[in-house]
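Student: return a 3D structure for these sequence lines:
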Amino acid sequence: MEKICRLCLKNCYDNSEVINELMKEVFNTHLLENNPAISEEPVVCTNCAEIMQKCFDFKSTCFSTQDCIAPFLNKNNEKLDLKDIYLSKDENKNVIEIPDDYNVCAFCMKLLKSSFISLNNEEDVKMVKKCLPEL
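Tutor: As a prediction, this is how the structure comes out:
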């Protein structure tokens, strides 16, 4: 009997995992409108399982960052300086100053020198709201 991946709809052959309770929880909390229970014996291919794990890890990191930022939010919706928040974290107490050519990622709170993508246009904001509505 063929096993079809519930996510990508490709034939899994022998490279599949039965969707267990943990995966169902990931579906419920992180994959909008994608119910794995609509097939009798739902499976995901190993490629989709790896991608799903990365998505879960990314979203978990975003939640952790949101928890870190939350105490600094104010009722006036003023813009936050993530560098100040980064410096206030216990694990960063040794950092005295952040050079101007470095930025703090709003999703993972890591200090990076690499280029950043601005989320100032309407399409980018719409994408973040759809993929991470909790933030």
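
Student: can you find the helix or strand in the chain with the smallest mean pLDDT?
Tutor: strand 16-18 (a mean of 62; mean pLDDT, DSSP states H and E).

Student: who's in contact with Leu82?
Tutor: Contact analysis of Leu82 by C-beta atoms under 8 Å, 6 or more residues apart in numbering lists Ile69, Asn103, Val104, Cys105, Ala106, Met109. C-betas here are computed from N, CA, C, even on glycine.

Student: residues touching the third one, list them.
Tutor: Shown here is Val104, whose contacts under the criterion C-beta under 8 Å, 6+ apart are Leu82, Lys83, Ile85, Tyr86, Ile98, Lys110, Leu111, Leu112.

Student: now for these: which two are most distant?
Tutor: Ile85 and Leu112 (14.7 Å; C-beta to C-beta).

Student: those two - which one has more neighbours?
Tutor: Neighbours were counted for Ile85 and for Leu112 using other C-beta atoms under 10 Å; Ile85 has more, 18 against 11.

Student: enumerate the positions of the one helix or strand Gln66 maps to that are buried.
Tutor: For Gln66, the host element (DSSP states H and E) is helix 46-69. Buried residues in helix 46-69, counted by 16 or more other C-beta atoms under 10 Å: Cys48, Ala49, Met52, Phe56, Lys59, Cys62, Thr65, Gln66.

Student: doesn't Thr61 make contact with Cys108?
Tutor: Yes. Counting by C-beta atoms under 8 Å, Cys108 does reach Thr61; the two are 5.2 Å apart.

Student: per-residue confidence at the spatially most central residue of the chain?
Tutor: The C-alpha lying nearest the average C-alpha coordinate of the chain belongs to Lys59 (C-alpha atoms, centre = their mean; 2.5 Å). On pLDDT, Lys59 comes in at 84.

Student: returning to that earlier point: in strands only, show me the contacts of Leu82.
Tutor: Asn103, Val104 (DSSP state E).
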